[in-house]
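Engineer: just a sequence and a predicted model for now, questions to come.
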Amino acid sequence: MLRSRELYSPGLFAWLSWRRLHPARSLLLPIDLLEDQAPWAPTVIANLTPVLHREVSARLQRPPERLLAAGFLARHADDVAPLYAPLSEADRAVEGEWAAVSLA
């Protein structure tokens, strides 16, 4: 059960393990990454503002194998993607003003 602090935390982050696409084998873990260190996962979905992407990427101890970075305007995509080096941009999706970047 999520506590209200977790639901409204500015650093809410979803870490998902998609090795096997099965609900019993996937992990959805809400974490305030401005306060806590997230456990490593091979695949991560991060829906954050550019400022939070910058703060979270600086705190990563070990980058995931794959990362989907989203939650920012398309004009910021070129700034967000390099934050997660050594991962590099594999794909980009833009819909209207919003963008998501797939990194591997």
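Structural biologist: Ah, there it is. Numbering: from 1, shown residues only.
Engineer: where does the closest residue to residue 80 other than its chain neighbours land in three-state SS?
Structural biologist: Spatial nearest neighbour of residue 80, chain neighbours left out: residue 53 (4.9 Å); criterion: CB to CB, 6 or more residues apart in numbering. Using the backbone N, CA and C atoms, a C-beta is placed for each residue, glycine as well. When classified by DSSP: H, G, I helix; E, B strand; the rest coil, residue 53 comes out as helix.
Engineer: touching, residue 53 and residue 72? I think so.
Structural biologist: Yes - assessed by CB atoms under 8 Å, residue 53 is found in contact with residue 72 at 7.0 Å.
Engineer: low-scoring stretches of the protein, by residue?
Structural biologist: Scanning the chain for pLDDT under 70 picks out 1-29.
Engineer: share the number of residues neighbouring residue 75, please.
Structural biologist: Using other CB atoms under 10 Å, residue 75 has 10 other residues around it.
Engineer: meant to ask about residue 59
Structural biologist: 12.
Engineer: hang on, isn't it packed against residue 32?
Structural biologist: No - using CB under 8 Å, residue 59 is not in contact with residue 32; the gap is 11.6 Å.
Engineer: which residues do residue 53 and residue 72 both contact?
Structural biologist: With contacts taken as CB atoms under 8 Å, 6 or more residues apart in numbering, the residues that reach both residue 53 and residue 72 are residue 80.
Engineer: I'd say residue 101 and residue 92 touch.
Structural biologist: Yes - taking contacts as CB under 8 Å, residue 101 lies within contact range of residue 92: 5.2 Å.
Engineer: neighbour count winner among these two?
Structural biologist: When neighbours are counted by other CB under 10 Å, residue 101 and residue 92 differ, and residue 101 comes out ahead with 25 against 15.
Engineer: so what's the residue nearest to the spatial centre of the chain closest to, chain neighbours aside?
Structural biologist: Within the chain, one residue has its C-alpha closest to the average C-alpha position: by CA atoms, centre = their mean, that is residue 46, at 1.9 Å. Once flanking residues are discounted, residue 46 sits nearest to residue 69: 5.2 Å by CB to CB, 6+ apart.
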